[in-house]
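Asker: Predicted structure and sequence below. I'll ask about it afterward.
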Amino acid sequence: MRRLRILSQWTFGLFFLFLFFNTRYTGEDVIPYPVNAFFTIDALAGITAMAAGRKIILFFWPLILLIPFTILFGRFFCGWICPLGGSLDIVGRKSRNRSPSPTGTFYPVKDIALLILLVASLFAVNLSGLVDPLSILIRGLAMGVVHPLEKSVHILFDTAWRLGGPVTSVTEPAYGYLRDHVLSFELPVFRYGVLFLGFLLVLVLLEIRERRFWCRNLCPLGALLGILSSRTPFGLSIEKSGCTACGRCPETCRMGAIEGKNKQKIRKRDCILCYDCVESCETQAIRHTAVPGGTRDAGPVLPLSRRAFFGALGAGVLLPLTAGRSARPDALPASVIRPPGAVPEDRFVGLCLRCGECMRVCLTNGLQPTLFEAGAEAMWTPRLVSRIGYCEYSCTLCGQVCPTGAIRNLDKVTKRRVHIGIAMIMKDRCIPFVKPQECLVCEEHCPTPEKAIVFDDVPVQGPEGPVIIKRPRVLPDLCIGCGICEYKCPVQSESAIVIVRDGEDREKG
Amino acid sequence: MKYDGFLSRRQFLKGSLVLAAGGLTVPFPLKAAGSSLKSSLSVFRDPDPFDATVGAVRLLGGMGIFVPRGSRVLIKPNIGWDRRVEQAANTHPEVVRALIELCREAGAARVQILDRTCNDARRCYRTSGIQEMVEKLSDRSVSLDFVNENRFRNVGIPRGLAVREWPLIWEAFEADVIINVPIAKHHSIGGLTLGMKNLMGIMGGNRGKFHWGIGQKLADLTSAIMPPLTVLDASRILVRNGPTGGRLEDVKVLNLVAASADPVAIDAFGTTLFGKVPGDLSSVTAGYKMGLGEMDLSKVRIIEG
């Protein structure tokens, strides 16, 4: 079984990477793979998104299988499927700290976090994405890892190319292959990328302290699955008669789930069914028991002190009440442009998992994570930063990959008509307004079939007497706010035409 | 007509690359085609853009006089926009295919097609139909490549009046022959976008700024590149809402392809397709004044077929 578990971890891990890799445009308007498939069995994401979004999200239907199976058998998700857990196991294997600390200082953190998240989601605030393991991993890889990794590849090959000579006859074909098949089409850059990378690194470094430190102590998805499996009738347990109290199994357990010196028992809420202990037991005393009586002494479902429990409840209530924007829903800054198809802002923030799939897939790299720009409760939600990348007129990728429908999956024709904002000309910067000089770049790139930017002939004083020049003007009914004008505006640093949120379409989703 | 300058240009450039690597600016050697040769321009009408293109090039004397055997050709169509063939924002794939075939017949060693696009390059290449066309050829000597934004090289523009140097894609330096293949389109400030404007597709750098006083700048750029052959796709033209288009009612079918070695004459001719005169286009006037070619169409030998 242990071998099977390792095989399963590798299979799911590689499948996760395959889906992550293919979260990109490959020449087809529709991505051919279900790249967000892992979220269908993310119980934390599903429950909080449905609670905060106030709707049944059919995308999460596999949970009706996962939850009963977890209740029956335990946290197999953590031990067999979770790609973050699997990754931590790879580094944790080398961890020298073998001493089991079943319930350390940080042990209740995950349960407290879970409670806060669940309560807050009832108040339509969904912060689970900040700490959901799948979101952390996708976000970390997409926004923290890809850039430095690919940049170093580019630097390597560009250096070889600059040096010239016979080296390039080897490096150039290799580079061409990598560019065509492996590397991102254009090197993606994300704001706050170092934070996402840092977060992943911290999780890895915590393995030095304890194996699966994250899963034991911090992961709220693990806490949720742990609660579900704390009374599991078919979990692993130690047969008293066969146990010689040799002490091997507590030392093997990566979760610190086996406690007691003489009368050893497995805490089912912590067991992730890795089968290391089964393998280590010389008397084969650890096995699945199908007796419900085996759970009699399993301890509390939620191992929190009364103080911690009510503290977490209170925090879960207070958080939505104090977070700035729920108090003032209209306070979203004009510069926060949501992706096309985004549902109304309160629902959007409730549904968004902050997983970064949309930002990873965005053709132009224009979708960027927000820090506090959209309010603290909207941290890491996507926002179009047109100066970095615009919204490609015929592209619908972000809606396709969004797991929860926070960004609706629009067809191409509908998407082209969705107003995500409107362009405003900054007349203190725009060239034809500040000097007798024509410039047409915004109008040139405007993608609407009937241009949303037109020109007015205006007489101005030129260096050699009066001249008539063309000045751009935005037609509000036609402008969809795609931002290509802001992106292409040749005025340096700040664009002379910027997209603002006014006039955005945010249909109910 | 003798076009014996190409190979020497390539050799010159290769030698100059050593300097370029050191950060120096490389001048293209000038070949003032317009001033030393009497301008000829061919016009071929055919509902099939492939046949029209073959016809226009044949009328000029055939691809052989532009593409020496064994040479490396860079074809620069307009693939700038994520638009379909019938929307007339990009060069017709059949026009490009005809040129590829003609180059192969002439014995070209390698044909490279590329454009520094305005929309996402992958979408442009695909939606324009040009990627599919090249894939169908399945010829290893023909490639459709993406522009690498890290690999521009400065070209010196010794005769430039508004621009003295500008970064170009490095492939432009490697090619023996550059064939410029614009589509004739409406364009707001320039009025029209034709051959000289299409050359912006091999430019690096901040092309937006280039639009300030664009007429002279385009002439300067043309003086540095001097494409030996320009083929103007007017199989269908975009008469309004250019250069992006998107509405079929803005497209006018002309079933016409024109070709010339004179980059000014072909743009001068292009203006007439829109009911304008050559003087309406500031780049044509500027190019003519620099001696890059002829703008007086009465002095151009127009061969119709």
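Answerer: Thanks, I have it.
Asker: Could you list which residues are in contact with the closest residue to chain A within the stretch 101-250 of chain B?
Answerer: Closest to chain A within the stretch 101-250 of chain B is B:Gly208: 2.7 Å, counting by Cβ to the nearest Cβ. Every C-beta, even on glycine, is put in place using the N, C-alpha and C of the backbone. B:Gly208 makes contact with A:Cys439, A:Val441, A:Lys488, A:Cys489, A:Pro490, according to Cβ atoms under 8 Å, 6 or more residues apart in numbering or on different chains.
Asker: Apply 7 Å and report the result again.
Answerer: B:Gly208 sits next to A:Val441, A:Lys488, A:Cys489, A:Pro490 when contact means Cβ atoms under 7 Å, 6 or more residues apart in numbering or on different chains.
Asker: Counting neighbours, what do you get for B:Val43?
Answerer: For B:Val43, the neighbour count with other Cβ atoms under 10 Å in any protein chain shown is 20.
Asker: after the strand or helix carrying B:Arg122 comes which helix or strand?
Answerer: Using DSSP states H and E, B:Arg122 sits within helix B:121-127. Later in the chain than helix B:121-127, the nearest helix or strand by DSSP H and E is helix B:130-137.
Asker: Centre of the chain to the next helix or strand after that following helix, how far?
Answerer: Using DSSP H and E, the next helix or strand after helix B:130-137 towards the C-terminus is strand B:142-144. Distance, stretch centre to chain centre, for strand B:142-144: 17 Å (Cα atoms, centre = their mean, to the nearest Å).
Asker: and whichever strand or helix holds A:Thr168, which residues are buried?
Answerer: Secondary structure from DSSP H and E places A:Thr168 in helix A:167-181. Across helix A:167-181, burial judged by 16 or more other Cβ atoms under 10 Å in any protein chain shown covers A:Thr171, A:Tyr175, A:Arg179.
Asker: From the residues you listed, pick the one nearest A:Arg75.
Answerer: A:Arg179 (41.7 Å; Cβ to Cβ).
Asker: Let me see the contact set for B:Thr271.
Answerer: Contacts for B:Thr271 (Cβ under 7 Å, 6+ apart) come out as B:Leu192, B:Val277, B:Pro278, B:Asp280, B:Leu281, B:Val284.
Asker: switch the cut-off to 10 Å
Answerer: Contact analysis of B:Thr271 by Cβ atoms under 10 Å, 6 or more residues apart in numbering or on different chains lists B:Ala184, B:Gly191, B:Leu192, B:Leu194, B:Val277, B:Pro278, B:Gly279, B:Asp280, B:Leu281, B:Val284, B:Met295, B:Leu297.
Asker: did I read that right, it in a helix?
Answerer: Yes - according to DSSP: H, G, I helix; E, B strand; the rest coil, B:Thr271 belongs to a helix.
Asker: And it, how close does it get to B:Ser283?
Answerer: Counting by Cβ to Cβ, to the nearest Å, the gap between B:Thr271 and B:Ser283 amounts to 10 Å.
Asker: avg pLDDT for stretch A:451-465?
Answerer: What stretch A:451-465 shows for mean pLDDT is 93.
Asker: now that stretch: how far from the chain's centre is it?
Answerer: The answer for stretch A:451-465 is 47 Å, by Cα atoms, centre = their mean.
Asker: near chain B, anything from that stretch?
Answerer: Yes - residues of stretch A:451-465 contacting chain B under Cβ under 10 Å from any Cβ of the partner chain: A:Lys451, A:Ile453, A:Val454, A:Phe455.
Asker: how would you label the last one: helix, strand or coil?
Answerer: What that stands for is A:Phe455. Going by three-state DSSP: A:Phe455 is strand.
Asker: Which pLDDT value goes with the residue nearest to it when sequence neighbours are not counted?
Answerer: The shortest distance from A:Phe455 to any non-neighbouring residue, by Cβ to Cβ, 6 or more residues apart in numbering or on different chains, is to A:Lys470 (3.7 Å). Per-residue pLDDT puts A:Lys470 at 93.
Asker: quick revisit: any chance of the contacts of B:Gly208 in JSON lines, with pLDDT, neighbour count and distance to chain B too?
Answerer: Formatted as JSON lines, the contacts of B:Gly208 follow (pLDDT from 0 to 100; neighbours: other Cβ atoms under 10 Å in any protein chain shown; distance: Cβ to the nearest Cβ, whole Å):
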{"residue": "A:Val441", "pLDDT": "94", "neighbour count": "27", "distance to chain B": "4"}
{"residue": "A:Lys488", "pLDDT": "96", "neighbour count": "21", "distance to chain B": "6"}
{"residue": "A:Cys489", "pLDDT": "96", "neighbour count": "26", "distance to chain B": "7"}
{"residue": "A:Pro490", "pLDDT": "94", "neighbour count": "17", "distance to chain B": "3"}
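Asker: now, the most widely separated pair of the residues you listed?
Answerer: Pairwise over the contacts of B:Gly208, using Cβ to Cβ, the maximum falls at A:Lys488 and A:Pro490, 7.3 Å.
Asker: Could you check how many residues crowd around A:Leu44?
Answerer: 27.
Asker: Please read the previous query as pertaining to A:Arg306.
Answerer: A:Arg306 has 7 nearby residues by other Cβ under 10 Å.
Asker: Next, find the distance separating it from A:Leu118.
Answerer: 18 Å.
Asker: just A:Val454 next, same as before
Answerer: Taken as Cβ to Cβ, the span from A:Val454 to A:Leu118 is 52 Å.
Asker: okay, the two: which has more neighbours?
Answerer: Using other Cβ under 10 Å, the more surrounded residue of A:Val454 and A:Leu118 is A:Leu118, with 20 against 16.
Asker: Verify the stated contact: that one with A:Leu313.
Answerer: Yes - A:Leu118 is within contact range of A:Leu313, at 9.5 Å (criterion: Cβ atoms under 10 Å).
Asker: For stretch A:234-250, what is the distance to the chain centroid?
Answerer: For stretch A:234-250, the distance to the chain centre is 39 Å (Cα atoms, centre = their mean).
Asker: repeat for stretch A:416-434
Answerer: 31 Å.
Asker: Just the CA trace of it, in CSV.
Answerer: The C-alpha coordinates for stretch A:416-434 follow below in CSV (Å, rounded to 0.1, in the frame of the first residue of the first chain):
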residue,chain,number,x,y,z
ARG,A,416,-16.0,41.4,-27.2
ARG,A,417,-19.1,43.4,-26.1
VAL,A,418,-18.3,43.3,-22.4
HIS,A,419,-17.3,46.7,-21.1
ILE,A,420,-14.7,46.2,-18.4
GLY,A,421,-14.0,49.9,-18.0
ILE,A,422,-13.6,53.0,-20.2
ALA,A,423,-10.7,54.9,-21.6
MET,A,424,-10.0,58.4,-20.4
ILE,A,425,-7.6,60.8,-22.1
MET,A,426,-5.3,62.6,-19.7
LYS,A,427,-5.2,65.9,-21.4
ASP,A,428,-2.3,67.1,-19.3
ARG,A,429,-0.1,64.4,-20.9
CYS,A,430,-1.6,63.5,-24.2
ILE,A,431,0.7,64.7,-27.0
PRO,A,432,-1.8,66.5,-29.3
PHE,A,433,-3.2,68.3,-26.2
VAL,A,434,0.2,69.5,-24.9
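Asker: list the buried ones in that stretch?
Answerer: Buried-residue list, stretch A:416-434, by 16+ other Cβ under 10 Å: A:416, A:418-426, A:429-433.
Asker: before we move on, the earlier item: looking at the residues of stretch A:451-465 next to chain B, spot the one nearest chain B.
Answerer: Taking Cβ to the nearest Cβ as the measure, chain B lies nearest A:Lys451 of the residues of stretch A:451-465 next to chain B, at 5.5 Å.
Asker: check which helix or strand covers the residue lying closest to that closest one once chain neighbours are set aside.
Answerer: Among residues not flanking A:Lys451 along the chain, B:Asn241 sits closest, at 5.5 Å (Cβ to Cβ, 6+ apart). Counting by DSSP H and E, no helix or strand carries B:Asn241.
Asker: who's in contact with B:Asn241?
Answerer: A:443, A:446, A:448-451, B:89, B:185-186, B:188, B:247, B:249-251.
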